[in-house]
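S.K.: I need the structure of the sequence given here:
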Amino acid sequence: MRFVIWIGTEHPWPEMAETARIADATGWDGIYVADHFMPNDPSPRLGPRLEAWTALGALATITRRARLGVLVSGNTYRHPAILANMAATTDRISEGRLVLGLGAGWQINEHEAYGIDLYEVPERMARLEEACSVIRLLLTQERSNFEGRYYHLADAPCEPKPLQARLPLLVGTSGERVGMRMAAREADIWNTWGTPMTMAHKIAVLDAHCEALSRDPASIERSTQALLLMSDDQVKLEEWRERDFPMPALVGTPSEIGDNLGAYERLGIDEFVVADRVLGRDLAERLEQMGRFIEDVAGPFRG
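M.R.: Now for the predicted structure:
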């Protein structure tokens, strides 16, 4: 498996930069950031936020090895032709290390604050599907033409092209009827939140869509994340186990977390993403947890 650190853009830039440098030097396979302009949670601890793609371009200049990506770019925030050009430039800055993450967009308060149309879910998903086609054309064709319901290209260039011959498109979606069928059709990498139990079901759904579309399921990499709460302190672990987290969470000792990674590996998960926002309240604590995880827990599973 690959292991990716998801650096919170709510951290000050010096902390983001230091986290990325250490992750790059200590064997993390990837560095991702989230595409949000403000917290969904009104807690003062979570905002303000740095803009994701600007930060990613800067991270590309201070790292040398780890893959880089936005998990995921909200399609409603940028026209896909603009995003394709941003991605091509970032891939060149990073010397071919970009993963282009794309999702439908969802955070209501951002759209309301900036006057950005959010659309109903069916239209959001239809726009995302067209965006995948637009981006793929622009990144691979000398000139692109596209006549969709929402997006249009007329002899459109995207130059220079990415360094990667096929820049990987990561589609983040969990909807089993529409979103995952789209991922089965468009994605190089599919990502969703999930524990091993959840992912076993989701992978079966993805494989069924691949079969219906005559696509080899092995041609799509599987990426997932869960909040990581790791400690040797049994009192702290019991406190965490009693909490109701908003997202799927793995709670346990390093050994227990390792058991979960083994379960992911047996399911065929290619990439596990760790959000740094729950690793500690300050940089030193986050870095200590990152080091312990990548060396002591992830070590046996690193490919």
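
S.K.: quick one: low-confidence parts of the stretch 1-150 of the chain?
M.R.: 42-47 (pLDDT under 70).

S.K.: strands of that one, start to end?
M.R.: Using DSSP state E, counting those that start in this stretch, the strands found in the stretch 1-150 of the chain span residues 2-6, 30-33, 67-70, 73-74, 98-103, 144-147.

S.K.: what is the orientation angle of the first one with strand 98-103?
M.R.: So the one you mean is strand 2-6. Counting by axes from the mean of the first three to the mean of the last three Cα atoms, to 10 degrees, strand 2-6 lies at 70 degrees to strand 98-103.

S.K.: dump the strands of the stretch 1-150 of the chain to JSON lines, plus distance to Arg166 and mean neighbour count.
M.R.: Where C-beta positions appear, they are placed from N, C-alpha and C, glycine not excepted. Listed next are the strands of the stretch 1-150 of the chain as JSON lines, based on distance: least, Cβ to Cβ, whole Å; neighbours: other Cβ atoms under 10 Å:
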{"stretch": "strand 2-6", "distance to Arg166": "18", "mean neighbour count": "22"}
{"stretch": "strand 30-33", "distance to Arg166": "17", "mean neighbour count": "25"}
{"stretch": "strand 67-70", "distance to Arg166": "14", "mean neighbour count": "24"}
{"stretch": "strand 73-74", "distance to Arg166": "18", "mean neighbour count": "26"}
{"stretch": "strand 98-103", "distance to Arg166": "11", "mean neighbour count": "26"}
{"stretch": "strand 144-147", "distance to Arg166": "16", "mean neighbour count": "14"}
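
S.K.: okay, stretch 230-242 in PDB with CA atoms only?
M.R.: Taking Å, rounded to 0.1, in the frame of the first residue of the first chain, the C-alpha atoms of stretch 230-242 are listed here in PDB:
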ATOM      1  CA  MET A 230      -3.800   6.000  17.900                       C
ATOM      2  CA  SER A 231      -2.500   5.700  21.400                       C
ATOM      3  CA  ASP A 232      -1.100   3.300  24.100                       C
ATOM      4  CA  ASP A 233      -3.200   5.100  26.700                       C
ATOM      5  CA  GLN A 234      -6.200   2.900  27.400                       C
ATOM      6  CA  VAL A 235      -8.100   5.700  29.100                       C
ATOM      7  CA  LYS A 236      -7.700   7.900  26.100                       C
ATOM      8  CA  LEU A 237      -8.700   5.100  23.800                       C
ATOM      9  CA  GLU A 238     -11.900   4.400  25.700                       C
ATOM     10  CA  GLU A 239     -12.700   8.100  25.600                       C
ATOM     11  CA  TRP A 240     -12.300   8.200  21.800                       C
ATOM     12  CA  ARG A 241     -14.300   5.000  21.400                       C
ATOM     13  CA  GLU A 242     -17.300   6.600  23.100                       C
END
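
S.K.: if we can go back for a sec, any chance of the strands of the stretch 1-150 of the chain in JSON lines, plus distance to Gly258?
M.R.: Output for the strands of the stretch 1-150 of the chain, formatted as JSON lines (distance: least, Cβ to Cβ, whole Å):
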{"stretch": "strand 2-6", "distance to Gly258": "12"}
{"stretch": "strand 30-33", "distance to Gly258": "20"}
{"stretch": "strand 67-70", "distance to Gly258": "23"}
{"stretch": "strand 73-74", "distance to Gly258": "32"}
{"stretch": "strand 98-103", "distance to Gly258": "25"}
{"stretch": "strand 144-147", "distance to Gly258": "46"}
